[in-house]
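Student: need coordinates for the following:
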Amino acid sequence: MAGNLVLITGVSGHIGFRVLRYALEYGYQVRAAVRSEEKANIVRNNAVLKAMGKDSQLSFTIIPDFSAANAFDEAAKGAKYVIHVASPLATRAPADGDYQKGFIDPAVNMTLSMLDAARKAGSIKRVVITSSVVAIMPITAMFEPSGEVYTADTRVDELTGPLENPMAGYVASKIAAFNRAEAWIKNEKPAFDVIHVHPSFVEGRDDLCDSTEYFLTSTNALIVRQALGMPSYFPAAPNNYNHVDDSARIHVQALDPHVEGNQSFVVSNNGEDGMQWSDVAKHVRQHFPEAVEKGILPLGGELASVITKLDNSKTEKTFGKLATFEECVVSVMGHWLELYDKEHALKN
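Tutor: This next block holds a predicted model:
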């Protein structure tokens, strides 16, 4: 496995950067696709990445528009594997409210363009694609318990308009990209196989994050806003989470040929483990009592939980146990406090 070339997209994002690090740690040669030289420099100059000393294993290719036809054709040449993480984020909604253009079209076009590029390259053995648990459960499960257990084999129909908010647009994009990728595989019967990874809310340290303010614009905000006594973006959220380290390592470990291809994996707790988003308070009190006492972490933020059941048994059997919510909280808030201390040291 070591030395094989893997093309990775999305390396300037939370999951993608951690995927990049794992791929380098596992000994892969990595060709990272980014939209600009500026993004390439942000990644290559990251202190955590530089400390790894893996420069000789990493190169970059600039693709300004990932959703363009044939966007990845050159980048895929000579690669043995692809990990396609890039996709529109729910936190970056189009200002004009056109969710078809801002979410669905790019997500679908990127995915199909990558699959086409992999077929043309002729050297690709496996493509791993980042999907989401929202691609395999009805959107209503995000807002009210159904009692149903959703698995990696659950499939749902694509959403039809009108899409009323950014979350609906994001969910629609994930369902469409996943369903159409599976249809492409069935119709085209490529020489390579495909694995879809379905994370839930991704929590954990983000080594591209350089300010406490940034935490409020990512899924880590589900934890941080409670710790800071701030109102949540949502009145309630499914009680599903995963540690970014789990999502990232599973993307890379899924390249192993011993893992059967053309299947999906849920990367999440199962929703029946008693986890509640309000557990943030007890974990913060236990692990960061001094910050709580000083009022740095005043707590008091509220986020209700919707019980959403997911079957992660196949994932844990294949890739090992997933991290606990407590570990997620410690990772997120430990990082937040590191940056808080740096920011206040600069002020003083």
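Student: residue ranges for the strands of the stretch 101-250 of the chain, please.
Tutor: Here the stretch 101-250 of the chain has its strands, by DSSP state E, counting those that start in this stretch, at 126-130, 149-150, 193-199, 201-203, 236-238, 241-243.
Student: so which of those strands gets nearest Ala227?
Tutor: Ala227 lies closest to strand 201-203 among the strands of the stretch 101-250 of the chain, at 12.3 Å (C-beta to C-beta). Any C-beta I mention is one placed from the backbone N, CA and C, and that applies to glycine too.
Student: shaky segments in the chain?
Tutor: 1-3, 90-95, 348 (pLDDT under 70).
Student: and stretch 192-206, how far apart are its ends?
Tutor: 32 Å (C-alpha to C-alpha, to the nearest Å).
Student: just how off-centre is that stretch within its chain?
Tutor: 5 Å (C-alpha atoms, centre = their mean, to the nearest Å).
Student: try stretch 203-212
Tutor: 13 Å.
Student: in it, what counts as buried?
Tutor: Under the neighbour-count criterion of 16 or more other C-beta atoms under 10 Å, stretch 203-212 has Glu203, Gly204, Arg205, Asp206, Leu208, Cys209, Thr212 buried.
Student: how about the helices in the stretch 51-200 of the chain?
Tutor: For the stretch 51-200 of the chain, applying DSSP state H, counting those that start in this stretch gives helices covering 73-76, 99, 105-121, 166-188.
Student: residues contacting the first one, please?
Tutor: Around helix 73-76, the neighbours that count as contacts under C-beta atoms under 8 Å, 6 or more residues apart in numbering are 7, 31, 33, 61, 63, 82, 114, 116-118, 120-121, 124.
Student: now list the buried members of those residues.
Tutor: For these, buried by 16+ other C-beta under 10 Å: Leu7, Arg31, Ala33, Ile63, Val82, Met114, Asp116, Ala117, Ala118, Ala121, Ile124.
Student: of the residues you listed, closest to Ile139?
Tutor: Looking across those and measuring by C-beta to C-beta, the closest to Ile139 is Met114, at 25.3 Å.
Student: wait, what's in contact with the closest one?
Tutor: Thr9, Ala71, Phe72, Ala76, Val82, His84, Val127, Ile129.
Student: mind running it again at 7 Å?
Tutor: Residues in contact with Met114 (C-beta atoms under 7 Å, 6 or more residues apart in numbering) are Phe72, Val82, His84, Val127.
Student: and the second one, bridged to which residues?
Tutor: Same thing as Val82. Leu7, Val127 (DSSP bridges).
Student: ok, now Ala33?
Tutor: Residues in beta-bridge contact with Ala33 (DSSP bridges): Thr9, Thr61.
Student: re the thing from before, as CSV, the buried residues of stretch 203-212 with distance to Glu158 would be great.
Tutor: Shown next, in CSV, are these (distance: C-beta to C-beta, whole Å):
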residue, distance to Glu158
Glu203, 28
Gly204, 30
Arg205, 34
Asp206, 31
Leu208, 32
Cys209, 33
Thr212, 38
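Student: of those, closest to His335?
Tutor: Arg205 (4.5 Å).
Student: and Val197, how far from Phe319?
Tutor: 10 Å (C-beta to C-beta, to the nearest Å).
Student: same thing with Gly27?
Tutor: For Gly27, the distance to Phe319 - C-beta to C-beta - is 18 Å.
Student: repeat that for Asn70.
Tutor: For Asn70, the distance to Phe319 - C-beta to C-beta - is 33 Å.
Student: ok, those two, which is more surrounded?
Tutor: Neighbours were counted for Asn70 and for Phe319 using other C-beta atoms under 10 Å; Phe319 has more, 18 against 10.
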